[in-house]
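Q: below are the sequence and a predicted model; questions follow.
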Amino acid sequence: MMTASILFFIAIGAVSLASALGVVISRIPIHSALFLLVNFVSMAVLFITLDAQFLAAAQVIIYAGGIVILMLFVIMLIGSDEIRENAGHRVWTPYVGILLGVILLASMTFALVEAGPPPATSAVVQGGVPEAVGMTLLTRYILPFEMAGVLLLVALIGALLLARPPKQKTEN
């Protein structure tokens, strides 16, 4: 039988997934940034349902309050034209991105399966105490934590490569 808390979790999870999808498929950068804001806030709500208030506050303050605002300023400064299909980009880049994403997802899944579930008496669940979160991330889950850092670095490099205009061929 579905309880109200399970239905609430499913609804917030659906909002989070829909907003993440909106970030990726939106052709207007402002809309993507706003979808990202909705995703960050819905993730904070999920942290609250898991009784991790510290993580929820950090999610809202750092990501929703800082990162999204920074992105909006950058979009406003450089313009927010609609992204066009095949705007001079290489044809093979999406396939390489998908392949690398699948490899990274498989390796992160393997690392999480190897780490196993956290113990039932984990102090991390007790309000997301910063010391307990840090100790758990940097001891038991160090490999997935570092792989998430690599994922962010790869995403940054990919975004720089996608934003770079294609080289113009010059004939002498």
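A: Received, thanks.

Q: contacts and neighbour counts: CA atoms only from here.
A: Fine.

Q: what residues sit buried inside stretch 105-116?
A: 108, 111 (16 or more other Cα atoms under 10 Å).

Q: and that stretch, how far from the chain's centre?
A: Centroid displacement of stretch 105-116 relative to its chain, using Cα atoms, centre = their mean, to the nearest Å, is 18 Å.

Q: who touches it?
A: Identification of contacts with stretch 105-116 by Cα atoms under 8 Å, 6 or more residues apart in numbering yields 140-141, 143-144, 147.

Q: pLDDT weak spots in the protein?
A: The model of the chain has pLDDT under 70 over residues 79-90, 118-128, 166, 169-172.

Q: hang on, the earlier thing: pull out the buried members of the contacts of stretch 105-116.
A: Among the contacts of stretch 105-116, the ones that count as buried by 16+ other Cα under 10 Å are 141, 143-144, 147.

Q: restricted to helices, list the residues you listed.
A: 143-144, 147 (DSSP state H).

Q: surely residue 45 touches residue 57?
A: No: at 9.7 Å, residue 45 and residue 57 do not qualify as touching, with contact defined as Cα atoms under 8 Å.

Q: now the residue nearest to residue 129 when sequence neighbours are not counted: how far from residue 106?
A: Spatial nearest neighbour of residue 129, excluding adjacent residues (Cα to Cα, 6 or more residues apart in numbering): residue 54 at 6.7 Å. Per Cα to Cα, to the nearest Å, residue 54 is found 30 Å from residue 106.
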